[in-house]
Each structure stands twice: as C-alpha cells, then as structure tokens.
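K.L.:
Predicted model and sequence follow; I will ask about them next.
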Amino acid sequence: MPAMTMTEKILAKHADKASVTPGDNIWVDADILMTHDVCGPGTIGVFKQHFGNDAKVWDREKVVIVPDHYIFTQDKMANRNVDVLRQFVAEQKLPYYYDVGTDKYKGVCHIALPEEGHTRPGEVLFGTDSHTCTAGAFGEFATGIGNTDAGFVMGTGKLWVKVPPTMRFVFHGELPSYLMAKDLILAVIGDIGCDGATYKAMEFDGDGVFALNIEERMTLCNMVIEAGGKNGVIAPDKLTLDYVNARNKSKKPYQVVTTDAGAKFCFEKVYDVRKLEPIIAKPHSPDNKATVSEVKGTKLDRAYIGSCTGGKMTDFRAAARILKGRSVKIDTFVVPATSEIAAGLKCESINGQTLEQIFLSAGAKIGEPSCAACLGGPSDTFGRLNAPISCISTTNRNFPGRMGHKEAKVFLASPLTVAASALTGAISDPRDCLQ
Amino acid sequence: MQTTITGRAYVLGDNVDTDQIIPAQYLTYNPAIPAEYKMFGKYALSSVPPAQAGLPKGHVLFHTKDEFVSDYQIIVAGKNFGCGSSREHAPIALDAAGIKCVIAEFYARIFFRNSVNGGYIIPFETADRLCEQICTGDELTVDVESGTLTNVTTKESWKLKPLGEVAPIIDAGGIFAYAKKVGMLKV
C-alpha cells in the first residue's frame, strides 16, 4: 500500500478504500455533522425539501447543533432562527443540542465541540462553518461545508469529497514567552498568502507544535481556512488523548491515525519559532503580514479579545498577564468563547485576583459567550464596529466589513499583542510590557 | 444546463470574500423561505469597498433599476473569489440578484462547492486575467458547451477552463439531482 498522509488515511478509511490519492473524488462517511443558528435553518430547509417533511436524520447521535452566532440580540429574525433549531431538535429528538437560556448553553461551536466530547482522533467532522477546521487539532479530518452539503449529510451520512494534497509546516524550538500560536499561524498565512493552501490540507508537525497545549493547537488549525486550506491537522499525542478521553462522555471508540513514513507532501516549510517575532495582519486581509515592530505606534480605537480563534482560556491567561494591575486606554471587549471558559474567568486567578477581576479592574467590558463581534452580526451585537474605527483583535478575519462597518480597519494579532496595545491605544509590542 | 449565457459584466478584483458578497448582518434571513431568499439579492455585494465595485472605474452600483435584481448578469473577478466563510448565502445572494455565472481565475473551495452543489451559479475558471481586460457593462456571451467567452462589446473572445469533474453535477442541477442520477440517493 502506498504511504499516505493522515488526511489521506482518514478519508480512505471513511470511503472504505485501501488507499486514496490526492485528486480522487470519493464518497465519505461522516462521524459528526455540526450546524448552528446561522446555517442551521437553511440546512434544515434543504433536508426537508429533499428528504420530506417527516424524514429523520441519518443518525441522531451524530448530529450536533450549537446556537452561537447571533444569540444576545434583540433582532427578531436572529431569535426566530434559534426557534427553527429548537423545533427541529424537538421533532427529531436530537440529544446534542446546546440551547440558549438553559444550563446546556455553550457558545462558540468550535470550542463547544471538543469541550462536550464531539471531537475524536481519526474521525470525519463536517460543519456548516468555515472554522470547523479547528478540530483538526484532535487528529481528525474536519472541514466547513454549506447548507446544501450539510442537508445532504443530514439525510445520508455521506458527502462527496475531493482528496486534498497535504502541505507540511514544521515548527522547531520552544515558543518564547512573547509569542503564541496566533503569531505562528499569522506568519504562515502571510508567507503562503490567503490562497496559498486552496484545496489543500495543512499538517502541522515538529517539536514546536507538540510543545503547544491543546487550545494553542486549535488556534493553529482554526486559521488554515484563512490560507484557503480544506483542513488543518495535527497528529494526536498523549496530551490530545488525555483531553479527548476526559471529554468523550459517550465513550465512543476511535482510532488514532498518523501520517506514514515516506508519505508525499506537496509543499514543506520549516520554522524556528525562537527566531519569530510577534506578527500582525493589517487591514484588509489575514495575509497582509507585518511584524508588530514594523507597525508599532499605529493609533487604535478599540481592542477585542474573543472568538474561536482568540477567546479560549490560554488566550485570556495571556491577556491577563499583561493587563493585571494596569488600565486600558481604549474600549476593550472581552468575549469568552464558551460558558465553560466564562466560568473559568471567574475561578482561575493570578496572584489572588481572578481573570475576570483583572479584566474588569483594567477597565475592559466582558460579554456573554458567543461569536459576538468577530463577524459583525446584528447592529446591537456586543463589541460590533458600528463606525469606521480601528480595532486590534484576536479574531480570525479582517476583510472589509467583517466586524461590522465596511470602512472599519481591523488588525489581527495574538492576545498578548492585543492586550499590550489596549494599554497604550496604539499597536504595541508585548515584549515591552510582559510582567 | 443552459447552453448559452448572455448578459452584462460586473467586474471585481482579487479575494472578494463572502463578507463582501453578503455581509453577516443579513444572514438572519432564512434562504429556505422564498420571500427571504429574495432579500439576499437586495444585499448582494453590498460590502464591496466602493472603489473596487464595478472595475475598472469603481463606484458602480450593482443595482439601479430593481431593488432585488442586479443590472448585471455575469461577474468577472480575479483570484480566490468567495474566500472566507462557508455561508451558502454567498452564491445564493448572487443567484437571487440574477447572476448566472461567475468567471474568475480560481475560487475558494467552499464557495465553489456551494455554487455547484446548490446549483446556483456556474463557477467558470479562466487562465487569463480577465478582470483587467473586461469592463463593467460590457456585453458578454458564454457558450457553456465549448467554454468560449465572447465580449460582444469589444469583439474579443477567450477559451475558459473546462468545468471538468464538476460538469456532471452542474449538468444535473446540483448534488441531490446528481446523486440520484448516479444511484447514490434513492428518495
């Protein structure tokens, strides 16, 4: 059998084939289908149109629905969309629904999925959101799809997939205290461009990757879509398995899949993380790379720390290290990705002060867990850019209009750089204020 | 599949992402409801920066005569059209605005899939940098079968890339029709 990358092996196994080659078109079995309030109603519409009003989903245990995008809003249509999900879940008796206003509410789907035990090595995850690729951090094939594809999966459990060639990114060395996974992935996107991985898998490897905690690995995989990647993937190690086993409530068995020795990569790039600097993506594209030192002093109006990319415990711990005992100079918004992370902000502390106390006493505002202003949303969304202002953000995209106003300027950076900049009101280097 | 597509060109640049095609605030409409599907046409391309809207001059409105349907029927763009989010609302918005096909150098993967699998618009690829050769408002004709694009206004013509492996899905009208045709789906 030819040597294959882990992406190829997972896809081959799910297509019941001994091997696959990049470019092959295959029908793949899904292990999990995830949808949310923005794409769920359309997906349900497609499903009912093609399979009938009374049709049942292919497997109730494999459909996960996470309302997360437009939650804390007065917008009637947005609230109506959550009702559409609620009704469908009731009709179908779906066990995995994390409803708004209940103890089960989670927040951002990509973080909710692993927290609730829906991500396992070797599996295939399809989700109606481009950042579904985040789950590649658990050693699975995870990719974003549209409503039609999701409606098809909902009824059949299968999807037509073209096997992508794999690009390999190797990181060596221990990450310096002023860098985070966000800097690494912004460096990669800047180097290969926002179309550099179009139709391709991106595999991350090297001691620099395996030294990262699971949340930081999620940040790496999360932004592969910003380079056009189909999926991002990291081989599971003990850290991955410990996390997955602690969360895998259904005890569903899984099989660890790793890349064969001698597997073919279509591209390879090696980084020494000790030589990298804090990176920023300037407006209006995630590949518009600069080092923080090149743009230091650029005036800002707002700082935003949140989203699937930059709203996890590791992100808030980093920001708190900088903000502790200091005051922000510009409006600073803190949005935990999930309710579990929101609870974490209240109980984890640094020298006797909780992260929540650190943020509030620095003058930041803390919002409810959800996608919030990462993608703009309805005009009353927490932190949304309703005017043409400049914002530095831990989120993932800065295309025109992404966070609200189409003339607003968004700079993407790590939580350390965003916190350092919040203190001065201008782009600042975390190396100048780490304490 | 339509054999010939004719219409006026609306020209855009590189990396037109899904937020520019349909801004996130309008994703509250449900495309499964026909009256709401129509609304996506109204807001199609509403976040394209004005200087990039309708090249080469820019500042060209996408709609003037009808609130929901564009004055243009064919989009011509550069590289990486439809990058960003997975929202199927993007090809839906173009379809609702009356766009028949897009001609770009290449597409972001999910946008391409959504366009083909949903049967909304034909995503043609071109080896030529047509976004710098065709002007907004030019009358175009695409012969789908032969993949020939003709600029009726300037009398130029180009060969587009073959649709290749997605041609049977486009021909069937989308993934459901295709899956039924090949015996994958029996409903």
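P.N.:
Arrived safely, thanks for sending.
K.L.:
got a pLDDT number for the closest residue to chain A within chain B?
P.N.:
Residue of chain B nearest chain A, by CB to the nearest CB: residue B:32 (2.1 Å). C-beta here means a position set from N, CA and C on the backbone, and glycine is covered the same way. Note on residue B:32: pLDDT of 96.
K.L.:
so what's it up against?
P.N.:
Residue B:32 is in contact with A:41, A:42, A:44, A:45, A:46, A:48, A:49, counting by CB atoms under 8 Å, 6 or more residues apart in numbering or on different chains.
K.L.:
Just among the residues you listed, which is most surrounded?
P.N.:
residue A:42 (31 neighbours; other CB atoms under 10 Å in any protein chain shown).
K.L.:
That residue is in what secondary structure piece?
P.N.:
helix A:40-51 (DSSP states H and E).
K.L.:
if we can go back for a sec, closest to chain B among the contacts of residue B:32?
P.N.:
Proximity of those to chain B (CB to the nearest CB) peaks at residue A:45, which lies at 2.1 Å.
K.L.:
Assign the nearest residue to that closest one once chain neighbours are set aside to helix, strand or coil.
P.N.:
Once flanking residues are discounted, residue A:45 sits nearest to residue B:32: 2.1 Å by CB to CB, 6 or more residues apart in numbering or on different chains. Following DSSP: H, G, I helix; E, B strand; the rest coil, residue B:32 is assigned to coil.
K.L.:
Please report how far residue B:32 lies from residue A:39.
P.N.:
For residue B:32, the distance to residue A:39 equals 11 Å [CB to CB, to the nearest Å].
K.L.:
swap in residue B:127?
P.N.:
33 Å.
K.L.:
the more surrounded of those two?
P.N.:
Ranked by neighbour count (other CB under 10 Å), residue B:127 and residue A:39 place residue A:39 first, with 27 against 11.
K.L.:
Tell me which residues touch the more buried one, please.
P.N.:
A:128, A:129, A:146, A:147, A:150, B:86, B:87, B:88.
K.L.:
ditto for residue B:122
P.N.:
B:1, B:5, B:100, B:101, B:102, B:115, B:144, B:163, B:170.
K.L.:
For the closest residue to the third one other than its chain neighbours, pull up the helix or strand it's in.
P.N.:
Spatial nearest neighbour of residue B:100, excluding adjacent residues (CB to CB, 6+ apart): residue B:5 at 4.7 Å. The secondary structure element spanning residue B:5 is strand B:4-11 (assigned by DSSP H and E).
K.L.:
ok, so of the contacts of residue B:32, who is nearest residue B:44?
P.N.:
Nearest to residue B:44 out of these is residue A:42 (CB to CB; 16.1 Å).
K.L.:
any idea what residue 86 is structurally, helix, strand or coil?
P.N.:
Using chain A here. helix.
K.L.:
please go with chain B instead
P.N.:
At residue B:86 the chain is in coil, as set by three-state DSSP.
K.L.:
Need the per-residue pLDDT for it.
P.N.:
In this model, residue B:86 carries a pLDDT of 96.
K.L.:
Ok, residue A:42 next?
P.N.:
Confidence for residue A:42, expressed as pLDDT, is 98.
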